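Engineer: Here's my sequence, what's the structure:
(2 chains)
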Amino acid sequence: MHVLTGSYALDALDAQERTEFERHLQHCPSCQAEVRGLRETAARLAIARSARPPAQMEQRVLAATYRTRQLPPLAGQRLRRDLRQTRLARLARLFAGWLAVGQPRLDSSQPRRSDRRSDRRSDRRSDRRSDRGNGWSNSWLRSPRLVGAVAAASVAAAVGLGITQVATQHQLDSAHATSAAIAKVLDAPDARIETTSSTVGGAVTVVVSALQREAVVTASGMPSLSSSRVYQVWVMSSSGARSVGLLSSTDRIGQLLASGVQSGDRIGITVEPSGGTSRPTTTPVATVPLTT
Amino acid sequence: MAQVARGDHQAFEGVYGQLAGPVYGVVRQVLRDPAQSEEVAQEVLLEVWRSASRFDPARGSGVAWVLTMAHRRAVDRVRSENAGSRREQKVASEAVTEYDDVADTVETSLEGQRARRCLDSLTDLQGESIKLAYYGGYSYPEVAQLLGVALGTVKTRIRDGLIRMRDCMGVMA
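Structural biologist: Numbers count the residues shown, from 1 in each chain, chains lettered A, B, ... in the order given. Below you'll find the model as predicted:
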């Protein structure tokens, strides 16, 4: 049965075999994981055949959405609209906006804390403006200290925008939905973002709050490792390194919360034997200094 | 996708902008007929709008969700139309060479180019099995018949080839 994962992912099973395989799939977690990866792979085969749709198609489809009622979520499925939890996702889009504009209007005045609340209320609108790349009204981004980080991140984001942006968006959304603690850091009034590219590809983004002494580490687009290796995240300080945890290899985006961090610490990511180690044994593929 | 599920038309426009090309491309690859392809691609994209709330990020990326839906619809269309016909008798070489014929395939995305390179890196049998199954919309028994190899061989080659592609492209799963 297991050998059918490939044919299933390519829709190459007939109706009966498909049904049988789907039944098997429900009780076979390893098949599920494999199918998932092979489906992502098959999607790349489709992307390789991308073609320009007929000009009038967009108008027809968009018009049809206004006439089409949407299905409600299935019971038990979570579909929360929590702005705090999509902050990083919005940032990703802001980077896209930055790229589109080239020279976004960035106010270099100090961040105006009092604006934060009203900004949050108008989040939806400001989101849209930044999607189009012509408005940078979010005071959170006005902090001059963020400018460098955002600029660096926008360079990192320049690689693979397009299709991957959709994946990143929803993966961030889902990652955020998993942890209120993470959301708390992302929403901290003093949250700062640092991004660096990893030496093996992909990028590491750290959002740190000095008030909460916590940092959220997000890795995206890092290459997959063989099953005997994992990415391990560390808080590195003058007194040594302590493990934050392992980045899940089931997502292209991995996210971890580091507690008890302080200014001067660095977040490091190393490649370690599967299961992780008690101290780093290889040179970090990425380090991010925490300047809170 | 969560925004689309909440009825955000603008978010849907973004999804359309990014996925209409791959959706239309893969559907036309399988169906060939432009008018029919347009019809199916429209159905798929509207289905994305309609059932966005059913998208489960735990089960894969939004891109894969949409493109899986597109490919499956195209294949289902082919199979229902060809039920009873002798499609499988088409000569393999004919079927394979046709894949590069489709005009104005846009090759701008880096990911698409990478996928092509990775596909080219497979063994002949792996590559042809995958192309026939995915781009041709053939079932694996049909692929076995077209290539004149045993059923078990095709199943294995398809899986091995896809795994190799997955690793080649750095898809994490």
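
Engineer: Specify the local secondary structure of residue B:20.
Structural biologist: Three-state call for residue B:20 (DSSP: H, G, I helix; E, B strand; the rest coil): helix.

Engineer: next one: residue A:263
Structural biologist: Applying three-state DSSP: residue A:263 is coil.

Engineer: For it, grab the count of nearby residues.
Structural biologist: By other C-beta atoms under 10 Å in any protein chain shown, 11 other residues sit near residue A:263. From N, CA and C alone the C-beta is placed, and that goes for glycine too.

Engineer: any idea how far it is from residue A:205?
Structural biologist: 18 Å (C-beta to C-beta, to the nearest Å).

Engineer: ditto for residue A:213
Structural biologist: In terms of C-beta to C-beta, residue A:213 sits 19 Å off from residue A:205.

Engineer: Which one of the two is surrounded by more residues?
Structural biologist: Per other C-beta under 10 Å, whichever of residue A:213 and residue A:205 has more neighbours is residue A:205, with 26 against 17.

Engineer: Just read off the phi/psi values of the residue of the stretch 1-150 of chain A found nearest chain B.
Structural biologist: Relative to chain B, the nearest point of the stretch 1-150 of chain A is residue A:37 (2.3 Å; C-beta to the nearest C-beta). The phi/psi pair for residue A:37 (degrees, to the nearest 10) reads phi -70, psi -40.

Engineer: now swap in the one 5 residues further on and tell me
Structural biologist: Residue A:42 adopts backbone torsions of phi -60, psi -40, taken as degrees, to the nearest 10.

Engineer: So it sits against residue B:134, correct?
Structural biologist: Yes. Counting by C-beta atoms under 8 Å, residue B:134 is a contact partner of residue A:42 at 6.2 Å.

Engineer: between the two, what contacts are shared?
Structural biologist: With contacts defined as C-beta atoms under 8 Å, 6 or more residues apart in numbering or on different chains, the residues shared by residue A:42 and residue B:134 are A:10, B:71.

Engineer: Give me the most central residue, chain B.
Structural biologist: residue B:71 (4.5 Å; C-alpha atoms, centre = their mean).

Engineer: close to chain A, is the helix or strand where it lies?
Structural biologist: According to DSSP states H and E, residue B:71 maps onto helix B:62-82. Yes. Residues of helix B:62-82 contacting chain A under C-beta under 8 Å from any C-beta of the partner chain: B:62, B:63, B:64, B:67, B:68, B:70, B:71, B:72, B:75, B:79.

Engineer: Let me see the mean pLDDT of that helix.
Structural biologist: Across helix B:62-82, pLDDT averages out at 93.

Engineer: Alpha carbons of that helix, in CSV - could you do that?
Structural biologist: Extracted in CSV, the C-alpha atoms of helix B:62-82 (Å, rounded to 0.1, in the frame of the first residue of the first chain):
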residue,chain,number,x,y,z
GLY,B,62,-2.3,26.6,0.2
VAL,B,63,-0.5,26.3,-3.1
ALA,B,64,-0.6,22.5,-2.9
TRP,B,65,-4.2,22.6,-1.8
VAL,B,66,-5.3,24.6,-4.8
LEU,B,67,-3.1,22.8,-7.4
THR,B,68,-4.1,19.4,-6.1
MET,B,69,-7.7,20.4,-6.6
ALA,B,70,-6.9,21.7,-10.1
HIS,B,71,-5.1,18.6,-11.2
ARG,B,72,-7.7,16.2,-9.8
ARG,B,73,-10.5,18.1,-11.5
ALA,B,74,-8.7,17.9,-14.8
VAL,B,75,-8.0,14.3,-14.4
ASP,B,76,-11.5,13.5,-13.4
ARG,B,77,-12.8,15.3,-16.5
VAL,B,78,-10.5,13.3,-18.7
ARG,B,79,-11.4,10.0,-17.2
SER,B,80,-15.1,10.5,-17.3
GLU,B,81,-14.9,11.6,-20.9
ASN,B,82,-12.5,8.8,-21.9
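
Engineer: how about that helix: buried residues?
Structural biologist: By neighbour count on 16 or more other C-beta atoms under 10 Å in any protein chain shown, the buried set for helix B:62-82 is B:62-71, B:73-75, B:77-79.

Engineer: Now for residue 44: which residues touch it?
Structural biologist: No chain in the question, so chain A it is. Contact analysis of residue A:44 by C-beta under 8 Å, 6+ apart lists B:111, B:112, B:114, B:115, B:118, B:165, B:169, B:171.

Engineer: nope, chain B
Structural biologist: Contact analysis of residue B:44 by C-beta under 8 Å, 6+ apart lists B:23, B:27, B:66, B:69, B:70, B:73.

Engineer: Then residue A:21?
Structural biologist: Neighbouring residues of residue A:21 by C-beta under 8 Å, 6+ apart: A:1, A:4, A:8, A:13.

Engineer: Near chain B, list only the ones from those residues.
Structural biologist: A:4, A:13.

Engineer: out of the contacts of residue A:21, who has the most neighbours?
Structural biologist: residue A:8 (25 neighbours).

Engineer: just to revisit the earlier point, you'd agree the residue of the stretch 1-150 of chain A closest to chain B is up against residue B:166?
Structural biologist: Yes. Using C-beta under 8 Å, residue A:37 makes contact with residue B:166 at a distance of 5.3 Å.

Engineer: quick one, strands of chain B?
Structural biologist: Counting by DSSP state E, one finds no strands in chain B.
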